[in-house]
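# This is a predicted model, with the sequence first.
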Amino acid sequence: MATRNARIGLVLFAVYLVLYGGFVLLNTFAPQTMEATPIAGINLAILYGFGLIIAALLMALLYGVLCTPEGDVETTPSQLKGDQ
Amino acid sequence: MIYEFSFGAVAVFALFVAITLGLSFYLGGKAKSSAGYFTAHGQIPWFVNGIAFAGDYLSAASFLGICGMIAFYGYDGFLYSIGYLAGWIVALFVVAEPMKRLGKFTFADALDAKFDSRGIKIAAGISTLAVSIFYLIPQMVGAGVLVTPLLGLPHWVGVVLVGVVVILIVVTAGMVSTTWVQFLKGSLLVIFSAVLTVVLLQRGFVADSGGVDVNRGDDEQYHFRGVGPVQASLLDSELERIARDDYDGSVVEPEGPWKDTKFVRFRNSDTGVVNVWSIDELDADEMEWYTTIKPSATSAYRLREAQSVTTTPEGRVLVNGLEKGTKKGEPELHPVGSISKLPDNAQGTGPVGPLEFFRVLQDSEIVLWKSQTIIEEDGTTTTVYYQKPTPGSQVLRPGEHPTFKGIRSDDPLDKLNFLSLMLALFCGTASLPHILIRYYTVKDAAAARKSTIVGIASIGFFYVLTLYMGLGAMTSGAMDVTNSNMAAPLLARSMSEPLFAIISAIAFTTVLGTVSGLILASSGAVAHDLVKNGLGVEMNDYQQVRIAKMASVVVGAIAIVLGILFEKLNVSYLVGWAFSVAASANLPSLVMLLFWKGTTKQGIIAAIIVGMVSSLGWILLSGDTYAKVYGLPAADAIVPFSQPGIVTIPLGFLTLVLVSLMTGGRKDASVASPR
């Protein structure tokens, strides 16, 4: 992957993967934690779930801001043609 | 529940169809070339494309299925919302830009950009067709499910109606009209879901023992009766009292399969009408409270009125013991869905804020309804719907629905099944052909990016609303215990008739938007990937569009037939299939092509075929399919759990790597420079 924008995308993807993976694994192996009500009397299942949706939106916006038209251009176009 | 012909819903829907068809014919001139037909010349504005993403993606399963699941089981349906949205992150961050850069018309174009291989085009074309048709079935079934209660027409009429309208939309102006249909539908769906949620919050909650009694008039309530706690020693005499006072009759002696149930039946001695109640023992917590009042009690029970539908061997249908009616005011199941206890034993809350909404529910007690079917020796079948008061804290936690039992089960296979489903949802979105083709309708990578961000914003907002709508429906007193798919429209009905008409019409148009996207994706796969590039049939631009239009008609006809055949299948269950197959067949090659230079064309072909065949095979041999499709015991199934993703997605990657390594090496030179 040669473009700058693609690299930004991968970093953000990795961050979201950790957030989503954390949610799924917590649900699978420690479901009782989802019943805790840490903030404002609302349980973790709803807080985390809404958090994932809001995080997706914020990260999408961040990606939109970070990406530049120049970033779409491949720095070394020959790489994609598979010159190994 | 008795549904009446809703003139308002038909009018709103007809208006929508008229606008979209008019637009389609008007725009028809712009879609004569293949670039126009498949991708609208790449000239769709990014904002419109973004909302169209929502219109394409938010299918009937999202709107009706998720709301219904939340309304009947609580939080669990929201897990789908979370997974479906997370999938967009994969689409935006990983797949969007390369798809736009490498491809032209179809998903196969992008996969094949480096290789120019006929095999890849055929494999990718077939997988596009397979996934799209799998996805089409639940949409068409959804159309039929809606048309029966809303228009009073049989299932097949709904399927044919949607099929014909969609074929017209797609054939007249291809991607141009499809985009505008999806834009309209996406906007309407999100806006009116927001309206429903605002009205819901304004209305707040009330504590009640029943729901709207639509059989007697919308302003009247039906209060389900309840007695208790009753000490064990006094249970029999209490039952006899209820039989005498409430039903002018006696307790029916439990016999046959009724012996092992928690139900008691009362029979009126004059009319012979039978009513069913449930008997629940107090749990430990309640018992502790009860012994402070009655220290001598060792065990006690609560008795609650239930509802029943009985089908006799002669084919008569009895509802709560009376012949089922066909018109308003005649015997029918009472709508359900109520809060039995609000925090601090309040009667009502008044308007609530968006966070207060959950806080109130968390500390309330909500009456959920469960069902049990009892088959007697002579073939009489009774389904009993009974009350299950559930603490709000339990309603708002995951793991109550059978699909998500892995969360609360200790069986590692159940846990694996849950992980597998969540993985398929995450990976599936970015592999759905009808979503991927939308990247070719905008002019460049920046526009593709912006439209995905708009898509994520509108889809994410909608999914947040599903939790409000679902929980609002759960407590609206308007639910039909027999049909969870109707939860969202019925919630609207509990507010006002015009809103019901609009929401029903939107639910119907929801099917239109998604189906047109799917049919377009399939026709592209047939005309562009299979016939032109795969079989190498020489044709000019005009002929290619003509083949695509013919393919749209054929795929539309197939969808109509399948929609009628699969009438009885659960809508959201089938969507799960499509996601698993899409993720297993398409994602490995898409990702590896982008990130591993050693990928060969043989590797891609093998990965698509292995992913598609293994996930399909797994589904067909799974316990869910055994039970729901073949009618065999789920325990006989060959594969250990039902969701294939966690096995077949890695299998696709593994196949690609192994085959690529075997076919790579010396041949690299030929791979690197096509032709």
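Okay, I see it.
# For B:S187, what is the enclosing helix or strand?
In the assignment (DSSP states H and E), B:S187 maps to helix B:155-203.
# Report all helices and strands that that helix contacts.
The helices and strands touching helix B:155-203, judged by 3 or more C-beta pairs under 8 Å, 6 or more residues apart in numbering or on different chains; DSSP states H and E, are helix B:7-27, helix B:34-39, helix B:46-57, helix B:118-151, helix B:445-474, helix B:487-493, helix B:497-524, helix B:541-565. Quick note: C-beta positions are derived from backbone N, CA and C, even for glycine.
# What number of residues are in the vicinity of B:A521?
Residues near B:A521, counting by other C-beta atoms under 10 Å in any protein chain shown, number 28.
# Who are the contact partners of the residue of the stretch 1-150 of chain B found nearest chain A?
Closest approach between the stretch 1-150 of chain B and chain A, counting by C-beta to the nearest C-beta: B:F93, at 3.9 Å. Listed by C-beta atoms under 8 Å, 6 or more residues apart in numbering or on different chains, the contact partners of B:F93 are A:9-10, A:12-13, A:16, A:63.
# 10 Å instead?
A:5-6, A:8-17, A:59-60, A:63, B:430, B:449, B:452 (C-beta atoms under 10 Å, 6 or more residues apart in numbering or on different chains).
# So B:R267: helix, strand or coil?
Judged by DSSP: H, G, I helix; E, B strand; the rest coil, the three-state class of B:R267 is strand.
# From chain A, how far out is it?
Between B:R267 and chain A the computed distance is 43 Å (C-beta to the nearest C-beta, to the nearest Å).
# give me the beta-bridge partners of that residue?
Taking DSSP bridges as the rule, B:R267 bridges to B:S250, B:V274.
# My guess is it contacts B:V251. True?
Yes. Contact status for B:R267 versus B:V251: in contact at 7.9 Å, counting by C-beta atoms under 10 Å.
# any residues in contact with both of the two?
Here B:R267 and B:V251 have B:A243 as joint contacts, going by C-beta under 10 Å, 6+ apart.
# Distance-wise, check the nearest residue to B:S299 once chain neighbours are set aside relative to B:Y290.
Spatial nearest neighbour of B:S299, chain neighbours left out: B:A232 (4.6 Å); criterion: C-beta to C-beta, 6 or more residues apart in numbering or on different chains. Distance, B:A232 to B:Y290, by C-beta to C-beta, to the nearest Å: 11 Å.
# what do the two both touch?
Here B:A232 and B:Y290 have B:297, B:299-300 as joint contacts, going by C-beta under 10 Å, 6+ apart.
# so how far is the first residue of stretch B:432-446 from its last?
This stretch, stretch B:432-446, spans 21 Å end to end (C-alpha to C-alpha, to the nearest Å).
# Also stretch B:432-451?
Using C-alpha to C-alpha, the two ends of stretch B:432-451 sit 17 Å apart.
# any idea how far that stretch is from the chain center?
Chain-centre distance of stretch B:432-451: 25 Å, with C-alpha atoms, centre = their mean, to the nearest Å.
# and if you look at stretch B:623-636?
Distance of stretch B:623-636 from the chain centroid (C-alpha atoms, centre = their mean) equals 20 Å.
# before we move on, back to that, so which of the contacts of B:F93 sit within helices?
Mapping those onto helices (DSSP state H) picks out A:5-6, A:8-17, A:59-60, A:63, B:449, B:452.
# Neighbour count says what about the residues you listed? Which are buried?
The neighbour count (16 or more other C-beta atoms under 10 Å in any protein chain shown) marks A:5-6, A:8-9, A:12-13, A:16, A:59-60, A:63, B:449, B:452 as buried among the ones in helices among the contacts of B:F93.
# which non-adjacent residue is nearest B:Q602?
Distance criterion C-beta to C-beta, 6+ apart; nearest residue to B:Q602, sequence neighbours excluded, is B:T663 at 4.2 Å.
# Please apply the same query to B:L184.
What sits nearest to B:L184 in space, not counting adjacent residues and going by C-beta to C-beta, 6+ apart, is B:T20, at 6.8 Å.
# Could you do B:T311 as well?
Nearest non-adjacent residue to B:T311, counting by C-beta to C-beta, 6+ apart: B:T381, 4.8 Å away.
# from the chain's centre, how far out does the helix or strand that contains A:Y48 sit?
Element membership for A:Y48, per DSSP H and E: helix A:44-66. Mean-position distance between helix A:44-66 and its chain equals 8 Å (C-alpha atoms, centre = their mean).
# quick one, domains of chain B?
Following automatic domain parsing, chain B resolves into domains at B:7-204+B:410-672, B:210-407.
# thinking again about what came up before, so how do I select the buried members of the shared contacts of B:A232 and B:Y290 in ChimeraX?
Here is the ChimeraX command that picks out the buried ones among those, judged by 16+ other C-beta under 10 Å:
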select /B:297,300
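# From chain B, how far out is the residue nearest in space to the middle of chain A?
Computing the C-alpha centroid of chain A and ranking residues by C-alpha atoms, centre = their mean puts A:Y16 first, at 2.4 Å. For A:Y16, the distance to chain B equals 5 Å [C-beta to the nearest C-beta].
# excluding its backbone neighbours, what's nearest residue 49?
Going with chain A. Per C-beta to C-beta, 6+ apart, closest to A:G49 is B:I82, 5.3 Å.
# you looked at the wrong chain, it should be chain B
Spatial nearest neighbour of B:N49, chain neighbours left out: B:S451 (3.9 Å); criterion: C-beta to C-beta, 6+ apart.
# again, but for A:P38
Take A:P38 and drop its neighbours on the chain: the residue closest to it by C-beta to C-beta, 6+ apart is A:L44, 6.3 Å away.
# tell me the residue furthest from the middle of chain B?
Most distant from the centre of chain B: B:S296, at 50.1 Å, with distances by C-alpha atoms, centre = their mean.
# ok, that residue touching B:A232?
No. Contact criterion C-beta under 10 Å: B:S296 and B:A232 do not qualify, at 11.0 Å.
# Pull the contacting residues for A:V65.
B:I453 are the contacts of A:V65 under C-beta under 10 Å, 6+ apart.
# Next, B:T382: secondary structure please.
Of the three states, B:T382 takes strand under three-state DSSP.
# count of residues packed around the closest residue in space to it that isn't next to it in sequence?
Counting by C-beta to C-beta, 6+ apart, B:T382 lies nearest to B:T310, which is 4.4 Å off, once chain neighbours are set aside. Using other C-beta under 10 Å, B:T310 has 20 neighbouring residues.
# Assign a three-state SS to B:W277, would you?
Here B:W277 is strand, with the state taken from three-state DSSP.
# Name all residues that make contact with it.
B:224-227, B:239, B:242-243, B:246-247, B:251, B:262-266, B:303-306, B:308, B:384, B:386-387.
# 7 Å instead, please
B:W277 sits next to B:263-264, B:303-306 when contact means C-beta atoms under 7 Å, 6 or more residues apart in numbering or on different chains.
# got it, and B:K100?
When contacts are counted by C-beta under 7 Å, 6+ apart, B:K100 is found next to B:439, B:445, B:448.
# Give me the spatial nearest neighbour of B:V131, chain neighbours excluded.
B:A582 (4.5 Å).
# returning to what we had before: hmm, the residue nearest to B:N49 is touching B:V442, no?
Yes. Assessed by C-beta atoms under 7 Å, B:S451 is found in contact with B:V442 at 5.7 Å.
# Return every residue with contacts to both of these two.
Overlap between the contact sets of B:S451 and B:V442, as judged by C-beta under 7 Å, 6+ apart, is given by B:46, B:49.
# Around chain B, pick out the residues from chain A.
A:1, A:5-6, A:9-10, A:12-13, A:16, A:20, A:24, A:27-28, A:31, A:34-35, A:37, A:40-43, A:45-46, A:49-50, A:52-53, A:56-57, A:60-61, A:63-64, A:67, A:69, A:72, A:81-84 (C-beta under 7 Å from any C-beta of the partner chain).
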